[in-house]
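Enquirer: Sequence first, then the predicted structure, then my questions.
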There are 4 protein chains.
Amino acid sequence: MANAIEPRARSGDSTGVDSESTRERILDVAERLFAQRGLAGTAVRDIAREADLTAPSLYNHFDGKQALYEAVLTRGVEPLFGLIDRLGQADQAEENSIHVLDAIMDHLAEHPDIAKLIQHESLTGGASLSHIVHGWLGPIVAQGLAAMKSNPDTVWSDDEQPMAVAAWIHVILGHFAMAPLLRELFEVDPLAPEQLERQKRFLRRFAQLMLSGADQASED
Amino acid sequence: MANAIEPRARSGDSTGVDSESTRERILDVAERLFAQRGLAGTAVRDIAREADLTAPSLYNHFDGKQALYEAVLTRGVEPLFGLIDRLGQADQAEENSIHVLDAIMDHLAEHPDIAKLIQHESLTGGASLSHIVHGWLGPIVAQGLAAMKSNPDTVWSDDEQPMAVAAWIHVILGHFAMAPLLRELFEVDPLAPEQLERQKRFLRRFAQLMLSGADQASED
Amino acid sequence: MANAIEPRARSGDSTGVDSESTRERILDVAERLFAQRGLAGTAVRDIAREADLTAPSLYNHFDGKQALYEAVLTRGVEPLFGLIDRLGQADQAEENSIHVLDAIMDHLAEHPDIAKLIQHESLTGGASLSHIVHGWLGPIVAQGLAAMKSNPDTVWSDDEQPMAVAAWIHVILGHFAMAPLLRELFEVDPLAPEQLERQKRFLRRFAQLMLSGADQASED
Amino acid sequence: MANAIEPRARSGDSTGVDSESTRERILDVAERLFAQRGLAGTAVRDIAREADLTAPSLYNHFDGKQALYEAVLTRGVEPLFGLIDRLGQADQAEENSIHVLDAIMDHLAEHPDIAKLIQHESLTGGASLSHIVHGWLGPIVAQGLAAMKSNPDTVWSDDEQPMAVAAWIHVILGHFAMAPLLRELFEVDPLAPEQLERQKRFLRRFAQLMLSGADQASED
DNA sequence: GATGAATGAGGATTCATTCAT
DNA sequence: AATGAATGAATCCTCATTCAT
């Protein structure tokens, strides 16, 4: 519960462009709360309060809770679409995949709520799921499958390859989305910078392993 | 607040196990709805309606929404605890791990909602998370780590081993919990019997790979 | 995306009387909406939107919803007051009545929303009702009563005369105010020009009938 | 404005059949308020308060505001349907019409809000209008037209007959629906018993007049 | 064991209005 | 004269829960 007394606690914004900053502030808060509590578990009033306004004011910026949710999702996932574009132009599928995974990890590390949002969407079969899948995960998966097929050393049969790619996704998203569980389990904060670095290194080797079935990566 | 003393007030059910069956029916529906929509997103009335009674009647069987939720979690996770017990007694850590994973997969396959419940709990940092972690996942992880350490061929450094174990968990849970996403992505139902069989085979090889870094499994 | 509606769709009017035309535009829209949905059922924002501005802008022209409502009523009813003035000066009460009814019909035909507004006011016992009654209907009624009394052939007793005059009013207002009902009932649009013409003819004969109890009107 | 302090002020109902009586009590209050203020102008909470319960409790009896509104309308108009049935069986169309008008007047006199509800519906073009028209007004109008056509003395041409029938409706409904206006205009309460009696007598003569164009009724 | 009725708390959203720009 | 942003009040409605029957 934030403070219920001071409705105005603006820090130091005397700049005129309050509008855009308010919108972003709302999105930031909403992203955090939706990620923590899910769509149904988050009250519009809570978002508003933490963004330093009243619930009705929020409706000056977004058409409603669902619209806000979708804006959060869009803002979070859209940048990942850009990564995909660069993916299609590369020559070396396999090596490229590694770099894209790295970039994705970096983005998710900076916005760890996005992974949670995606898992929420997936769990509840939300309406935006289709958009996420076809715009973002689909191309990545296609790229992963291509890399796998073009690798003569792969240990996965055609049947297994989709599952191997799915495993990638689960491992990447899971690291962020299930942070509370991992914290409890390993008594380490998965989102701490050094831990993120470790996970990135791990993921690189893991990708190699999934791709070829053998470990060729060297410590960097 | 209902009575905190008698959580079970089942009396003489002369006609047979009607009472017990109602309780189970409620748990079944609740498990399904909680898994689909999460705790906050599920209305007690909806559970009651689908279990063919009214919301107040539900309170004859459970002390409230939270209590029902916990009963669902307990019923879903408890059977897994039994698996853990047998785990501790075995000699061959590695081989045993494989069997336990198989058993877990079988259980999750029969109750696919459990994986979703665990992910919901993890995402929202629910109160029952600690119980799940220490009662169930903890021992499995310990066992997995032990198997890894005792394997001289492992490719994972001490640092990486927890992440490798976490990867297991993500892949197992993810297959069930993110079924809607996978369905959209691969246009295959991950919960269809033949697909579950494939996933089990895949998981066995995946476990080998994670354990040793090389694939030694043969088709069984 | 906050608002999906563009409040500005003004074409290219750099001509002078923008202010006055805006005020009239608002009054036109408000009259239509208040007539359709009543005072409570009409949102200021809806009026503003249909008048191509935003709700706050509307406050530059009117002091508030209630003030706007009263302005609409006044603008609608005021012209009728003029008719009344001419009424008092005439000699032949009866014949004059007929002409005034004609003039009222003509005015209502051009502004069919006014009848609706009056009925809304009457149904809800609105605050402006008294103004309408004493300023407009009162004199008409007095005139009608006088015409009746001065007619030796009238079939109505003193007791009945007010009800006969009320019947006039109901028939005149009803034709416009209950247009939706009549449309559904007779499958004819009461506001269509030829139908209005018919109603005017009918009303003339009806007035004769009410006045004297016998039909003396010939087709004109 | 009821008292906001005592939520329970039940008079003397120790009988068990509270349910049905509550439902009726709500309908009574709702009928009154909807008639006074219209659908949009009436707050569910106001209805609930005057019916001695809280707004949420009202939802145990009705599915929502709209549903309550329709229930009020149905309850109010349905009894009139019964009158229509008896209408079809009679031989003497003309004489019968008079009796039916009497019966309708009696019903509306006992439930003066119904006329207001119908006018509200007609003004706003409500969804239930069609039901009212085809179930109730339609047959009455048909009967009225038949009586008119079968009367050789009628002064109304075929063209005018629908308008003459419409005039009936306006006069009948108007007397109740526009009661506030009439009160202000004639300083007599149209709903007072003796005034209702007068209006009924007037209406009988008015019907004669409209039917034949001449007055044949004698004082009773 | 089941239910209809009731309710306090809360939830999303609308509304009329103000104000700085 | 116009508007974007803000807001208190209110609106409809849902929810978990209680209780008498």
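Expert: Cool, the structure landed. Numbering: from 1, shown residues only, chains lettered A, B, ... in the order given.

Enquirer: Up against DNA strand E, what does chain A have?
Expert: A:16, A:42-46, A:55-56, A:59, A:64-66 (CB under 7 Å from any atom of the strand). Heads up, the C-betas are built off the backbone N, CA and C, glycines and all.

Enquirer: From these, list just the buried residues.
Expert: Neighbour counting by 16 or more other CB atoms under 10 Å in any protein chain shown classes A:42, A:44, A:46, A:59, A:65 among the residues of chain A next to DNA strand E as buried.

Enquirer: Setting aside sequence neighbours, what's the nearest residue to the last one?
Expert: What sits nearest to A:K65 in space, not counting adjacent residues and going by CB to CB, 6 or more residues apart in numbering or on different chains, is A:V44, at 5.2 Å.

Enquirer: Could I get the buried ones among the residues of chain A next to DNA strand E in JSON lines, plus columns for secondary structure and pLDDT?
Expert: Output for those, formatted as JSON lines (DSSP: H, G, I helix; E, B strand; the rest coil; pLDDT from 0 to 100):
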{"residue": "A:T42", "secondary structure": "coil", "pLDDT": "98"}
{"residue": "A:V44", "secondary structure": "helix", "pLDDT": "98"}
{"residue": "A:D46", "secondary structure": "helix", "pLDDT": "98"}
{"residue": "A:Y59", "secondary structure": "coil", "pLDDT": "98"}
{"residue": "A:K65", "secondary structure": "helix", "pLDDT": "98"}
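
Enquirer: Also near DNA strand F: which of the residues you listed, exactly?
Expert: A:Y59.

Enquirer: For B:P193, state which of the buried ones among the residues of chain A next to DNA strand E is nearest.
Expert: Checking these against B:P193 with CB to CB, the nearest one is A:T42 at 37.0 Å.

Enquirer: contacting residues around that closest one?
Expert: A:30, A:33-34, A:36 (CB atoms under 8 Å, 6 or more residues apart in numbering or on different chains).

Enquirer: Just the buried subset of the residues you listed, written out for PyMOL, thanks.
Expert: Burial among the contacts of A:T42 is assessed by 16+ other CB under 10 Å; the matching PyMOL selection reads:
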select buried, chain A and resi 30+33+34+36
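
Enquirer: any idea how far A:S21 is from A:A51?
Expert: 10 Å (CB to CB, to the nearest Å).

Enquirer: do the same with A:A115
Expert: On the measure of CB to CB, A:A115 and A:A51 end up 22 Å apart.

Enquirer: more crowded one of the two?
Expert: Per other CB atoms under 10 Å in any protein chain shown, whichever of A:A115 and A:A51 has more neighbours is A:A115, with 24 against 21.

Enquirer: Tell me, please, the helix or strand in chain A that averages the lowest pLDDT.
Expert: Lowest on mean pLDDT, DSSP states H and E among the helices and strands of chain A sits helix A:93-110, with a mean of 77.

Enquirer: Quick check: next helix or strand after that helix?
Expert: Using DSSP states H and E, the helix or strand that follows helix A:93-110 in sequence is helix A:112-124.

Enquirer: can you pull the contacts of A:G38?
Expert: Residues near A:G38 by CB under 8 Å, 6+ apart: A:120, A:124, B:38, B:40-41, B:120, B:123-124.

Enquirer: where's it, which helix or strand?
Expert: Using DSSP H and E, A:G38 falls in helix A:18-41.

Enquirer: Export only the CA atoms of stretch A:33-40, formatted as CSV.
Expert: Output of stretch A:33-40 as CSV, limited to C-alpha atoms (Å, rounded to 0.1, in the frame of the first residue of the first chain):
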residue,chain,number,x,y,z
LEU,A,33,2.0,-4.7,-11.4
PHE,A,34,0.6,-6.8,-14.3
ALA,A,35,3.7,-8.8,-14.2
GLN,A,36,3.5,-9.4,-10.5
ARG,A,37,-0.2,-10.0,-10.1
GLY,A,38,-1.6,-10.7,-13.5
LEU,A,39,-4.3,-8.9,-15.3
ALA,A,40,-7.2,-9.9,-13.0
